[in-house]
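S.K.: coordinates only, sequence not included:
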Ligand SMILES: Nc1ncnc2c1ncn2[C@@H]1O[C@H](COP(=O)(O)OP(=O)(O)OP(=O)(O)O)[C@@H](O)[C@H]1O
Ligand SMILES: [Mg+2]
């Protein structure tokens, strides 16, 4: 191979603050996904099927103003969930599994980046990437409906728009902790992708079998819980047959234990175990 | 509490002179095995070799200094900072080339080096030109645009070195940098280390290969069973042997026996061996060489050669390991 006759040159630039370095991890994920053919293909098809047609239909049919029912219905659309779950599986599957396989944790943790910074970077990267599908199309829909409304109550529409921002952020975030957990359990990204897809879909089938005995079985399914939380965000209230405490417990269970487990896995890797 | 501890480590390291890394009585355990067992060293500036057989605790020491492993007891100081409380500050001062595979294979060489530079706090617009600079330095040319998964072992070692120096750290830890490389690659790697050292860096080079350490290091620490058994300048460790002489003699067995009786009464004899009626004697001679020639003449044995006994790093190494056992 041979060496070039160059001497080692020192570098005397400024370094960024340590607390901001998680953004480097996030940015790298975002750029990586925007160059991934699979991600782009699913994103385009999903946006077209779950939004484009609706945006056209809803805004061209007569309407007084933007209503919470309309937006909640859009955010509970089955096609939207299917594509969201596929995108989550694509984006999150390699986030930790690849680092596990290549053992690159040591490159991160021998630098001034804490395990929490690393995890925050991965979360933020996945979040920003998924927001392209989870947040923006529904905001565009809401804006299109408001722009074409026949009534004059723009305040009500603005309120729904604000709720849509919250709903979009929540939808974008909701599946990420579970997906990160699956990604931290295997060193193969395909296993992680298929695993995430299964974990987000299979509970729906199981809960479907038992829901005739008790409606609370629906809380086993992350997608149903997410759909119900849309009703809560848009101020429509939970279905009467579902227990509110169990509902909040389910949300907690889908977010906090997975993140804790992931953090624990990363922490252990960080200390060279 | 933390502040007081840092202050006291600072004074301690000042007392010990200007050494970048000091450790005293460090214990690191994995379950029942003590990977570091009351490990104490003062690592001076310049290139220092951390030499020891497999499983001696070299990598464990580096990880403990980086704060990747917590010491059960004992104290470590890196430029006056304590890894248990100032981990992040230490990590901004150092560069680390790990022993095992750790590269993100989906990235290209230049992407990885620039990414790691940014995680070390470089701005993107600084890290990209700097990455090209260090890749030129380590000798990765067009290959830098290929995914790392296509690299040979030697190229991976170069990328590992590049990511360790991209942010221009003051202290560099190289854990077996030549492992898996062919003789030419190995020489080039050592050459690179020498060039980095020429710019006032402190480099700790772990290796079990004596030649590597001998080629680039001024100082060496010999590690065995989790302890630092010998440390010092290579020159001074090797010069311990300048008074050792090796003589080859021929003669009748009884004459030789009488000669040996006289020799051992005046000098410390280290070894005697016989092969085809030819005797080889290693002894310590602090006096004039002529006295030995006269002695041989007096007892009627023929002195065929008289040479200083070559004491190389291998002997130091083996002696140190024997001493440790
Ligand atoms: N993660 C671990 N779990 C259990 N034991 C470990 C672990 N890492 C190291 N050890 C043990 O600690 C001891 C020192 O290991 P270390 O890796 O520091 O040796 P080394 O000097 O770097 O050896 P080598 O030249 O083979 O790299 C060994 O007995 C090893 O088995
Ligand atoms: Mg090692």
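M.R.: It's in. Quick caveat: nothing in here was measured; it's all calculated off a predicted structure. Ligands and ions are numbered 1, 2, ... in the order given.
S.K.: Return the residues of the stretch 201-325 of chain B in contact with ligand 1.
M.R.: residue B:208 (C-beta under 6 Å from any ligand atom). From N, CA and C alone the C-beta is placed, and that goes for glycine too.
S.K.: which strand residues sit across from whichever residue of the stretch 201-325 of chain B sits closest to ligand 2 in the sheet?
M.R.: At 6.1 Å from ligand 2, residue B:206 is the closest residue in the stretch 201-325 of chain B, using C-beta to the ion. Note on residue B:206: beta-bridge partners residue B:50, residue B:175, judged by DSSP bridges.
S.K.: And it, how far from residue A:270?
M.R.: 21 Å (C-beta to C-beta, to the nearest Å).
S.K.: Show me which of the two is the more surrounded one.
M.R.: residue B:206 (27 against 20; other C-beta atoms under 10 Å in any protein chain shown).
S.K.: Let me know whether the more buried one touches residue B:48 as I believe.
M.R.: No. Residue B:206 is beyond contact range of residue B:48, at 9.8 Å (criterion: C-beta atoms under 8 Å).
S.K.: re earlier: tell me the contacts of the residue of the stretch 201-325 of chain B closest to ligand 2?
M.R.: With contact set as C-beta atoms under 8 Å, 6 or more residues apart in numbering or on different chains, residue B:206 has these partners: B:49, B:50, B:51, B:58, B:59, B:62, B:99, B:173, B:174, B:175, B:176.
S.K.: Which parts of chain A are helices?
M.R.: For chain A, the helices defined by DSSP state H occupy A:22-34, A:37-47, A:53-60, A:68-75, A:78-102, A:105-109, A:115-134, A:136-147, A:154-174, A:176-183, A:189-210, A:222-233, A:244-270.
S.K.: helices or strands up against the lowest-mean-pLDDT helix or strand in chain A?
M.R.: Here the helix or strand of chain A ranked lowest by mean pLDDT, DSSP states H and E is helix A:53-60, holding a mean of 86. Here helix A:53-60 touches helix A:136-147, going by 3 or more C-beta pairs under 8 Å, 6 or more residues apart in numbering or on different chains; DSSP states H and E.
S.K.: which non-adjacent residue is nearest the residue in the stretch 201-325 of chain B positioned nearest to ligand 1?
M.R.: Residue nearest to ligand 1 within the stretch 201-325 of chain B: residue B:208 (5.0 Å; C-beta to the nearest ligand atom). In this structure, residue B:208 finds its nearest non-sequential neighbour in residue B:53, 5.8 Å apart by C-beta to C-beta, 6 or more residues apart in numbering or on different chains.
S.K.: three-state assignment of that neighbour?
M.R.: Secondary structure for residue B:53, judged by DSSP: H, G, I helix; E, B strand; the rest coil, is coil.
S.K.: close to chain A, is the helix or strand containing residue B:113?
M.R.: Assigned by DSSP states H and E, residue B:113 belongs to helix B:109-119. Yes. If you take C-beta under 8 Å from any C-beta of the partner chain as the test, helix B:109-119 does meet chain A, through B:115, B:116, B:118, B:119.
S.K.: next SSE after the host helix or strand of residue B:273?
M.R.: Counting by DSSP H and E, the element that carries residue B:273 is strand B:268-275. Sequence-wise, the next helix or strand downstream of strand B:268-275 (DSSP H and E) is strand B:278-284.
S.K.: tell me which residues of that next one are tucked away?
M.R.: B:279, B:281, B:283 (16 or more other C-beta atoms under 10 Å in any protein chain shown).
S.K.: So the second one sits against residue B:263, correct?
M.R.: Read it as residue B:281. Yes. Counting by C-beta under 8 Å, residue B:263 is a contact partner of residue B:281 at 7.3 Å.
S.K.: list residues touching both of those two?
M.R.: With C-beta under 8 Å, 6+ apart as the test, residue B:281 and residue B:263 both reach residue B:269.
S.K.: which other residues reach stretch A:209-225?
M.R.: Counting by C-beta under 8 Å, 6+ apart, A:81, A:85, A:174-175, A:178, A:200-201, A:203-204, A:206-207, A:228, A:239, A:241-243, A:246-247, A:250-251, A:254 sit against stretch A:209-225.
S.K.: now do stretch B:122-142
M.R.: A:1-4, A:6-9, A:11, A:13-16, B:109-110, B:113-115, B:117-118, B:144, B:155, B:158-159, B:161-162, B:165-167, B:188, B:192, B:195.
S.K.: how far is it from where the chain is centred?
M.R.: 28 Å (C-alpha atoms, centre = their mean, to the nearest Å).
S.K.: what about the closest residue to chain B within chain A, distance to residue B:169?
M.R.: Residue of chain A nearest chain B, by C-beta to the nearest C-beta: residue A:15 (3.2 Å). Residue A:15 sits 11 Å away from residue B:169, going by C-beta to C-beta.
S.K.: neighbour count winner among the two?
M.R.: Neighbour count, other C-beta under 10 Å: between residue A:15 and residue B:169, residue B:169 has more, with 20 against 15.
S.K.: Nearest spatial neighbour of that one, chain-adjacent residues omitted?
M.R.: Closest to residue B:169 by C-beta to C-beta, 6+ apart is residue B:95, at 3.8 Å.
S.K.: picking up where we left off before, arrange the helices of chain A in TSV, one row each, with distance to ligand 1 as further columns.
M.R.: Output for the helices of chain A, formatted as TSV (distance: least, C-beta to the nearest ligand atom, whole Å):
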stretch	distance to ligand 1
helix A:22-34	25
helix A:37-47	36
helix A:53-60	54
helix A:68-75	47
helix A:78-102	15
helix A:105-109	12
helix A:115-134	17
helix A:136-147	45
helix A:154-174	35
helix A:176-183	23
helix A:189-210	24
helix A:222-233	35
helix A:244-270	10
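S.K.: Save those helices as JSON lines, and put in distance to residue B:18 too.
M.R.: Compiled in JSON lines, those are given as follows (distance: least, C-beta to C-beta, whole Å):
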{"stretch": "helix A:22-34", "distance to residue B:18": "34"}
{"stretch": "helix A:37-47", "distance to residue B:18": "53"}
{"stretch": "helix A:53-60", "distance to residue B:18": "69"}
{"stretch": "helix A:68-75", "distance to residue B:18": "64"}
{"stretch": "helix A:78-102", "distance to residue B:18": "38"}
{"stretch": "helix A:105-109", "distance to residue B:18": "29"}
{"stretch": "helix A:115-134", "distance to residue B:18": "33"}
{"stretch": "helix A:136-147", "distance to residue B:18": "57"}
{"stretch": "helix A:154-174", "distance to residue B:18": "51"}
{"stretch": "helix A:176-183", "distance to residue B:18": "46"}
{"stretch": "helix A:189-210", "distance to residue B:18": "48"}
{"stretch": "helix A:222-233", "distance to residue B:18": "59"}
{"stretch": "helix A:244-270", "distance to residue B:18": "31"}
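S.K.: Which among those is found nearest to residue B:294?
M.R.: Among the helices of chain A, the nearest to residue B:294 by C-beta to C-beta is helix A:105-109 (64.1 Å).
S.K.: Does that closest one reach chain B?
M.R.: Yes. Contact of helix A:105-109 with chain B (C-beta under 8 Å from any C-beta) involves A:105, A:106, A:107, A:108, A:109.
S.K.: Work out for me the element the residue of chain B found nearest chain A sits within.
M.R.: Nearest residue of chain B to chain A (C-beta to the nearest C-beta) works out as residue B:121 at 3.2 Å. Here residue B:121, judged by DSSP H and E, is contained in no helix and no strand.
S.K.: ok so, going back, quick one, which of the helices of chain A gets closest to ligand 2.
M.R.: helix A:105-109 (12.5 Å).
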